[in-house]
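K.L.:
below are the sequence and a predicted model; questions follow.
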Number of protein chains: 2
Amino acid sequence: MKRPELSVAVDLVVFTVRAHTLEVLLVRRGIQPYRGQWALPGGFVTTQESLEAAARRELAEETGLKGVYIEQLYTWGEPKRDPRGRVVTVAYLALVPAARARVKAGSDAAHAAFQPARQPPRLAFDHAVIVARAVERLGTKAEYSTLPLHLLKEPFTLSEVQEVYEVLLGRDLDKRNFRRKILALDALEETDVMRRDGAHRPARTFRLSASRPYLLKERGILFPF
Amino acid sequence: MKRPELSVAVDLVVFTVRAHTLEVLLVRRGIQPYRGQWALPGGFVTTQESLEAAARRELAEETGLKGVYIEQLYTWGEPKRDPRGRVVTVAYLALVPAARARVKAGSDAAHAAFQPARQPPRLAFDHAVIVARAVERLGTKAEYSTLPLHLLKEPFTLSEVQEVYEVLLGRDLDKRNFRRKILALDALEETDVMRRDGAHRPARTFRLSASRPYLLKERGILFPF
DNA sequence: CCAAAAGTGTTGGCGTTACACCCATGG
DNA sequence: CCATGGGTGTAACGCCAACACTTTTGG
């Protein structure tokens, strides 16, 4: 049995929501091919680490962040997607709170930046396709899960929760209905600290409940009977 | 930049529904490691083919089938998942109609067979994990899509459609409600042939409608407002 | 006292579930 | 004529969408 050897890479689609916009982390390529163009952060998988470990390593190298939400997105492996040779890339989707979304100190200022995810600049390789798919996936999950909560730093207010859902869904939501629904999921737990912001009433704050720490799956809509 | 070379494989989870049971195609390994144990069909990706092409090639080699529904499932790449060395495998999920689900002629009778997908025999490598995830994914998609229709050979009857949904969802469905809903999706188109089976009234038959040929996504349930 | 965001309930409409009998055929 | 699966309608209920004003604070 033949076992051709290929290169395996991971690429990261790191999202954050800032100023009512969905943003993605991009890096400027310093080497050929596509030198000077924007691309997704990523790199080759070493022989001793798992795929997710490689993705987390790359994420830490660019942002210094650890312990954020990460999930595998899709694997691309067209023979000619990389002009250097055959590279199969496993793409990961990561969510980071805007308050933590800083490019790593010490990097060149022009080296990496968060940019609009829905109208990104011209990207290297097939990265535009990867970003588009990640945006679609995140939007879908916003419809039926609490995944978007990972875009917020705890503790957060209900208005902040509503903002991220509105950005991901691309439409405005009714405040009263939204609050009733998100609280009914029993995925949030109230903290005892209030957020004092400006010249207005302070807001209650919440964190992910310990019993429902992560994503929440609900029944589908086609056959609920 | 270092570019370690790894082996990349594809593995196939080929489902069919027969006798009110979800079944998966397994092959008996003829070589070490895990010689004699059941495993998923699959093989290494050659340097010139895409991942999906490799998956379709393996599927054709085992079953002779072409043009069936196939989608990428997930990629596994733990360093020690294969004792021979570092192998990253991209798993694909395929759906074949029971009427076409034959192991390729000329194969050893004991070489490959469809077996219960929810209680499979002991499997080689991490294939039990892969099968479990595929079963879960198929069940989820049955909740909100018409994907299960690809488990049927056209033309099919509404009773056959209901049967595959019941098997995937693991519960019985109400006949009148089911028919109203599945027809309301506008994904089926009636043919002019009737199915005459036995000592009972003949059934109307349907095929996937040309305008809704494939999977159908519906709105989520969390924020439909 | 004014601006700004937080917080809070009710009702009408629609979609979903529950449910039982007649039809067409082959033997 | 009987057994077998195919085919069909309605009514009660529950859930969801729509909708506007009061509260609390800072300046």
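P.N.:
That came in fine, so what should we check first?

K.L.:
name the residues of the lengthiest strand in chain A that are buried.
P.N.:
Secondary structure of chain A per DSSP state E: the longest strand is strand A:5-18. Under the neighbour-count criterion of 16 or more other Cβ atoms under 10 Å in any protein chain shown, strand A:5-18 has A:6-17 buried. All C-beta atoms are positioned from the backbone trio N, CA, C, and that covers glycine.

K.L.:
closest to B:Val88 among those?
P.N.:
Distance to B:Val88 across those (Cβ to Cβ) is lowest for A:Val8, with 5.3 Å.

K.L.:
pLDDT at that closest one, what is it?
P.N.:
Model confidence at A:Val8, given as pLDDT, is 97.

K.L.:
the longest helix along chain A - what's its average pLDDT?
P.N.:
If you go by DSSP state H, chain A has its longest helix at helix A:127-144. Mean per-residue pLDDT for helix A:127-144: 94.

K.L.:
same check on stretch A:199-209?
P.N.:
96.

K.L.:
then it to CSV, C-alphas only?
P.N.:
Extracted in CSV, the C-alpha atoms of stretch A:199-209 (Å, rounded to 0.1, in the frame of the first residue of the first chain):
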residue,chain,number,x,y,z
ALA,A,199,-25.4,58.4,32.8
HIS,A,200,-28.0,55.7,33.0
ARG,A,201,-29.3,52.9,35.1
PRO,A,202,-26.7,50.2,35.9
ALA,A,203,-27.1,46.8,34.3
ARG,A,204,-27.2,43.3,35.8
THR,A,205,-24.3,41.1,34.7
PHE,A,206,-24.1,37.4,33.9
ARG,A,207,-21.7,34.6,33.2
LEU,A,208,-22.1,31.2,31.6
SER,A,209,-23.8,28.9,34.0
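
K.L.:
give me the contacts around it.
P.N.:
A:146, A:149, A:154-159, A:161, A:186-191, A:193-197, A:214 (Cβ atoms under 8 Å, 6 or more residues apart in numbering or on different chains).

K.L.:
the same query, at a cut-off of 7 Å, please.
P.N.:
A:149, A:154-157, A:159, A:186-191, A:193-196 (Cβ atoms under 7 Å, 6 or more residues apart in numbering or on different chains).

K.L.:
ok, stretch A:87-101 next?
P.N.:
Against stretch A:87-101 from outside (Cβ under 7 Å, 6+ apart): A:6-18, A:42, A:51, A:55, A:59, A:65, A:68-77, A:81, A:114, A:130, A:134, A:137-138, A:150-153, B:8, B:75.

K.L.:
so which residues of chain A form helices?
P.N.:
A:51-63, A:127-144, A:158-169, A:175-184.

K.L.:
and the nearest residue to A:Ser50 once chain neighbours are set aside, how far is that from A:Arg100?
P.N.:
With Cβ to Cβ, 6 or more residues apart in numbering or on different chains as the criterion, A:Ser50 has its nearest non-adjacent residue at 5.2 Å, and that residue is B:Glu78. Applying Cβ to Cβ, to the nearest Å, the value for B:Glu78 to A:Arg100 is 29 Å.

K.L.:
look at the two and report which has more neighbours.
P.N.:
Legend: neighbour count by other Cβ atoms under 10 Å in any protein chain shown for B:Glu78 and A:Arg100, higher for B:Glu78 (15 against 12).

K.L.:
ok, A:Met194 - contacts?
P.N.:
A:202-205.

K.L.:
could you chop chain A up by domain?
P.N.:
Domain assignment for chain A by automatic domain parsing gives A:7-142, A:145-208.

K.L.:
count of residues packed around A:Arg57?
P.N.:
15.

K.L.:
report pLDDT for it.
P.N.:
Value for A:Arg57, per-residue pLDDT: 96.

K.L.:
do you know the pLDDT at the closest residue to it other than its chain neighbours?
P.N.:
Distances taken as Cβ to Cβ, 6+ apart put A:Glu49 closest to A:Arg57, at 7.0 Å, once the chain neighbours are dropped. We have a pLDDT of 96 for A:Glu49.

K.L.:
tell me the contacts of the closest residue in space to A:Pro148 that isn't next to it in sequence?
P.N.:
When the adjacent residues along the chain are set aside, A:Pro148 lies closest to A:Val164, with 4.7 Å between them (Cβ to Cβ, 6+ apart). Residues near A:Val164 by Cβ under 7 Å, 6+ apart: A:17, A:148, A:151-152.

K.L.:
mind listing what's buried along stretch A:199-214?
P.N.:
Buried, per 16+ other Cβ under 10 Å, within stretch A:199-214: A:203, A:205-208.

K.L.:
I meant to write stretch A:177-190 there.
P.N.:
A:178, A:182, A:187-188.

K.L.:
name the nearest residue to A:Thr63, ignoring sequence neighbours.
P.N.:
A:Lys104 (5.6 Å).

K.L.:
ditto for A:Ala39
P.N.:
Nearest one to A:Ala39, counting by Cβ to Cβ, 6+ apart, is A:Ala124 at 4.0 Å.

K.L.:
any idea how far the one you found lies from A:Arg86?
P.N.:
From A:Ala124 to A:Arg86 the distance is 17 Å (Cβ to Cβ).
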